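>>> here is my input, please return the structure:
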Amino acid sequence: MGFWLFRRQDILTDSVIDLRPIYLPEPDSSVRFGEVFDFRITLHGKWREIGQISLRMGESAGIYYFGHIGYHIDPPYRGHHYAACACTLLSGMIRSAGKESVVITTDVDNAASRKTCLRLGCQQERIVDVPKALQEKWGLSERKVRYIWSL
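Numbering: from 1, shown residues only. I've put the predicted structure just below:
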């Protein structure tokens, strides 16, 4: 499912934040994330990283618990809805891949991330228990909230 419409050097922007592609080591193939796009989140026109976001295009048991999108915002920059903006910037890539929806997972006690999902219009699908093996291997929490983001 190549992303021929997206060149890795492209910066995605909404004039509030920029998503700048970064090249992280390939994730462990056993998780089966599929094609992964990682970005530094910066304030528009700046280079200082304020967070990161990853888009994982696979479909697997790993995606079930990790989600298609993973993000974090550094503490000094929280409260400005940058994670929701970053997700929205990825929507074109998601659509160009032929996906109509993606999964975002969050820890049960992560109120900020849950608010981000609600801001995006995600629907909570369920709360799932994470298998012990995945908890131990990847440091995941015991439970995850699965949200479906329909585009």
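>>> strands of the chain, start to end?
12-13, 17-22, 36-43, 49-56, 69-73, 101-107, 123-129, 143-150 (DSSP state E).
>>> buried residues in the second one, which are they?
When burial is assessed from 16 or more other Cβ atoms under 10 Å, strand 17-22 yields the following buried residues: 17-20. No exception for glycine: its C-beta is placed from N, CA and C like everyone else's.
>>> closest one of those residues to residue 89?
Taking Cβ to Cβ as the measure, residue 89 lies nearest residue 19 of these, at 5.3 Å.
>>> pretty sure the closest one is touching residue 40, no?
Yes. Counting by Cβ atoms under 8 Å, residue 40 is a contact partner of residue 19 at 7.4 Å.
>>> determine the longest helix present in the protein.
helix 82-96 (DSSP state H).
>>> can you give me the buried ones in that one?
Quick answer for helix 82-96 (16+ other Cβ under 10 Å): 82-90, 93-94.
>>> list the contacts for the nearest residue to residue 119 once chain neighbours are set aside?
Leaving aside its chain neighbours, residue 119 sits nearest to residue 84 (4.6 Å; criterion: Cβ to Cβ, 6 or more residues apart in numbering). Residues counted as contacts of residue 84 (Cβ atoms under 8 Å, 6 or more residues apart in numbering) are 116, 119-120.
>>> any idea which of the residues you listed has the most stuff around it?
residue 116 (23 neighbours; other Cβ atoms under 10 Å).
>>> what does the pLDDT read for it?
Looking at residue 116, its pLDDT stands at 98.
>>> ok, it touching residue 79?
No. At 11.1 Å, residue 116 and residue 79 do not qualify as touching, with contact defined as Cβ under 8 Å.
>>> much appreciated, bye for now.
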